[in-house]
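**Q** sequence unknown, structure follows:
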């Protein structure tokens, strides 16, 4: 079955086609959920929520652009909406935040699973901004619009996330060197 046929059948609420679509894209979308979630279990919940949203809004996909890209946007928006409801982004006023210097971290010798772990350990507001900006190439303006925070708050959260990650990477390197 072609992707177009699969999408058409999903629009008709065909359960078999929905199952095929889930099998085909769950791995890709789960990796998106992992980036935005504090742990594996919550990523699984976010994936299920994302597919519920995808199946309920599949009529909105008009065939323009990539279907996978559309599903990724739906997934990100589903996760962000969940965090907005949890009021993850009730932050200090932007005027009270100082713009912090960009922190660069050398990650070549750090295992990917460790990097994912420390990103997931970031406070929700920092993890979401870091993931959107660094991993998914959103601009601060786009983050501001999607999350409902100011551009300055987005920049500050990114700087703080980078600072936390830099500290954890430095600690990891010291522990490895001492072994």
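**A** Thanks, I have the structure now. This is a predicted model, so every value here is computed, not measured.
**Q** Find the nearest non-adjacent residue to residue 144, please.
**A** Nearest in space to residue 144, with sequence neighbours left out and distances taken as C-beta to C-beta, 6 or more residues apart in numbering, is residue 151 at 4.8 Å. To be clear about C-beta, it is placed using only N, CA and C from the backbone, and glycine gets the same treatment.
**Q** So what does the residue nearest to the spatial centre of the chain have for phi and psi?
**A** Residue closest to the average C-alpha location in the chain (C-alpha atoms, centre = their mean): residue 36, at 3.3 Å. The phi/psi pair for residue 36 (degrees, to the nearest 10) reads phi -100, psi 0.
**Q** how's the protein carved up into domains?
**A** 3-85, 94-177 (automatic domain parsing).
**Q** same for the strand or helix carrying residue 53, what does it pack against?
**A** For residue 53, the host element (DSSP states H and E) is helix 40-57. In terms of contacts (3 or more C-beta pairs under 8 Å, 6 or more residues apart in numbering; DSSP states H and E), helix 40-57 is packed against helix 15-36, helix 67-85.
**Q** okay if I get those as JSON lines plus mean pLDDT and distance to residue 46?
**A** JSON lines is the format used below for the helices and strands packed on helix 40-57 (pLDDT from 0 to 100; distance: least, C-beta to C-beta, whole Å):
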{"stretch": "helix 15-36", "mean pLDDT": "94", "distance to residue 46": "4"}
{"stretch": "helix 67-85", "mean pLDDT": "89", "distance to residue 46": "5"}
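**Q** Redo those as CSV? Include distance to residue 141.
**A** Shown next, in CSV, are the helices and strands packed on helix 40-57 (distance: least, C-beta to C-beta, whole Å):
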stretch, distance to residue 141
helix 15-36, 19
helix 67-85, 15
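**Q** The ones you listed: which one's closest to residue 54?
**A** helix 67-85 (5.3 Å; C-beta to C-beta).
**Q** Just checking, which helix or strand succeeds that closest one along the chain?
**A** Following helix 67-85 in sequence, per DSSP H and E, is helix 112-120.
**Q** got a list of contacts for that following helix?
**A** With contact meaning C-beta atoms under 8 Å, 6 or more residues apart in numbering, helix 112-120 is reached by 34-35, 37-39, 107, 127, 130-131, 165, 168-169, 172.
**Q** same thing but 6 Å
**A** 38, 165, 168 (C-beta atoms under 6 Å, 6 or more residues apart in numbering).
**Q** now do stretch 129-136
**A** 35, 36, 138, 143, 154, 157, 158, 161.
**Q** Now for the third one: which residues touch it?
**A** What it means is residue 138. The contact partners of residue 138, taken as C-beta under 6 Å, 6+ apart, are residue 132.
**Q** Cool, thanks, signing off.
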